[in-house]
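Engineer: Sequence first, predicted coordinates after that:
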Amino acid sequence: METVLILLILAAVFVAIKGCIIVEQQEVVIVQRLGKYKETLGAGLNFIVPFIDSPKGIYRKVSTTYPDGRTYSYMQKSSRLDLRETVYDFPRQNVITKDNVSISINAVLYFQIINPEKAVYGVENLSEAIEKLTQTTLRQLIGKLELQETLVSRDKINEELRAILDTASDKWGVKVNRIELQDITPPADIQAAMDKQMKAEREKRAMIYEAEGEKESSIRIAEGQKEAAIRKAEGEKESSILRAEGIAQARMVEAEAEKEAIKRIIEALSSKGQADKYLIAMKYLETMKEMTSGQDNKIVYMPYEASAVLSSVDGIREMLSAKKVERHAMPTTLTPPV
């Protein structure tokens, strides 16, 4: 009896140990009962019925890098599915462009399992299926493009490839987040020709930039000279205006002084009736001064009327002198206060 009890206890412990499954965070385990899907176990401590329930395994690619740099990849079966983003580095492969140029390309794929049940039951070998799908799709896309377009349209190729792979792998419960073409290597002769062309393009751009710099410098110099000429002309204009204003003001002052002098003479001579003769005589004298100012004017012919005018001037002069003497000779009379 005791032996049976011990056996039962041992059997219970064995079943408990056998049916206990600890699942890590961001991992799941697919459990099937008698060959049929039963449930998906999440993170934590889980229990299954031994010999009736069993985890469903899935193949995944494992890569090992040796110290000499060689990388060895192999398939490993595991009952745990990693829900984190997985990085899959594809080996380098040769593809042919639309213009029949063979190039070497390697790519990196980032994908994530979002439906564990589909990932297990939708395809036999998920890693191999994704690899083959990526290779065939990449060949199709590159085959539609010429070499030059392939080299400059890497982002476009990445996006189109990601969209195609994401749609095709949806039935496997996989989400393709992104794919990147790491390196595109053309044949050696084409690479040499491309390097020569790129060098010529760089030299051409350098010459263009230098010519544009010289052009810009010439424009700036011309604009500076133009600005300097404008400012100089404006300064000369301002100077001419100020000089003209000064001359005009001087003439106005001179005219005012002459006006005042004539006014006083007229007032002094108004009683004698000699004002008009005085003005005529003054105009004759000014005209004669201008006529005799030149170096070639040696002889001056005066009209007959000028003698009368000059005699009038002389008479005016004598009259002014007499008036001046009379003013000085006038006695001073003191009026006694009344």
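Structural biologist: Okay, I see it. Numbering: from 1, shown residues only.

Engineer: Tell me the bridge partners for residue 102.
Structural biologist: Beta bridges link residue 102 to residue 96, judged by DSSP bridges.

Engineer: ok, it touching residue 95?
Structural biologist: Yes - using Cβ atoms under 8 Å, residue 102 is in contact with residue 95, at 7.5 Å. Backbone N, C-alpha and C define where each C-beta goes, glycine included.

Engineer: Report the distance from whichever strand or helix holds residue 161 to the chain centre.
Structural biologist: Counting by DSSP states H and E, the element that carries residue 161 is helix 154-168. The chain centroid and the centroid of helix 154-168 are separated by 31 Å under Cα atoms, centre = their mean, to the nearest Å.

Engineer: what's the answer for stretch 57-64, then?
Structural biologist: Taking Cα atoms, centre = their mean, one finds stretch 57-64 lying 50 Å from the centre of the chain it belongs to.

Engineer: outside of it, which residues touch it?
Structural biologist: 30, 71-79, 81-82, 88-89, 119-120, 124-128, 131 (Cβ atoms under 8 Å, 6 or more residues apart in numbering).

Engineer: Try it again at 6 Å.
Structural biologist: Residues external to stretch 57-64 that are found in contact with it (Cβ atoms under 6 Å, 6 or more residues apart in numbering): 71-79, 81, 120, 125, 127.

Engineer: Now distance to residue 8 too, for those, in JSON lines please.
Structural biologist: Conversion of those to JSON lines gives the following (distance: Cβ to Cβ, whole Å):
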{"residue": "71", "distance to residue 8": "52"}
{"residue": "72", "distance to residue 8": "49"}
{"residue": "73", "distance to residue 8": "48"}
{"residue": "74", "distance to residue 8": "44"}
{"residue": "75", "distance to residue 8": "42"}
{"residue": "76", "distance to residue 8": "38"}
{"residue": "77", "distance to residue 8": "35"}
{"residue": "78", "distance to residue 8": "34"}
{"residue": "79", "distance to residue 8": "29"}
{"residue": "81", "distance to residue 8": "36"}
{"residue": "120", "distance to residue 8": "36"}
{"residue": "125", "distance to residue 8": "43"}
{"residue": "127", "distance to residue 8": "44"}
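
Engineer: Buried ones only from the residues you listed, please, as a PyMOL command.
Structural biologist: Selection command for PyMOL covering only the buried members of these, criterion 16 or more other Cβ atoms under 10 Å:
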select buried, resi 79+81+120+127
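
Engineer: now, which of the contacts of stretch 57-64 lie within strands?
Structural biologist: 71-78, 81 (DSSP state E).

Engineer: For residue 263, state which of these is nearest.
Structural biologist: For these, the closest approach to residue 263 (Cβ to Cβ) belongs to residue 71, at 120.6 Å.

Engineer: so that closest one touches residue 65, yeah?
Structural biologist: Yes - the criterion here is Cβ atoms under 6 Å, and residue 71 meets it with residue 65 at 4.9 Å.

Engineer: Residue 154 and residue 163, how far apart?
Structural biologist: When distances are taken as Cβ to Cβ, to the nearest Å, residue 154 and residue 163 turn out to be 15 Å apart.

Engineer: and what of residue 150?
Structural biologist: In terms of Cβ to Cβ, residue 150 sits 18 Å off from residue 163.

Engineer: These two: which is more packed in?
Structural biologist: Counting neighbours by other Cβ atoms under 10 Å for residue 150 and for residue 163 shows that residue 150 has the greater number, 24 against 12.

Engineer: Contacts only, for the more buried one.
Structural biologist: With contacts defined as Cβ under 6 Å, 6+ apart, the neighbours of residue 150 are 97, 142.

Engineer: So for it, what's the pLDDT?
Structural biologist: What the model reports as pLDDT for residue 150 is 84.

Engineer: what about it, which helix or strand?
Structural biologist: Residue 150 is located in helix 147-152, with elements delineated by DSSP H and E.

Engineer: for that helix, which positions count as buried?
Structural biologist: Judged by neighbour count using 16+ other Cβ under 10 Å, the buried positions of helix 147-152 are 147, 150.

Engineer: quick one on the thing from earlier: any idea which of the contacts of stretch 57-64 is closest to residue 226?
Structural biologist: Once Cβ to Cβ is applied, the member of the contacts of stretch 57-64 that ends up nearest residue 226 is residue 71, at 69.4 Å.

Engineer: Show me where this protein has its helices.
Structural biologist: For the chain, the helices defined by DSSP state H cover 2-19, 116-121, 126-143, 147-152, 154-168, 188-269, 275-291, 305-329.

Engineer: Show me the one of these that comes nearest residue 44.
Structural biologist: When those are compared by Cβ to Cβ, helix 2-19 sits nearest residue 44, at 14.6 Å.
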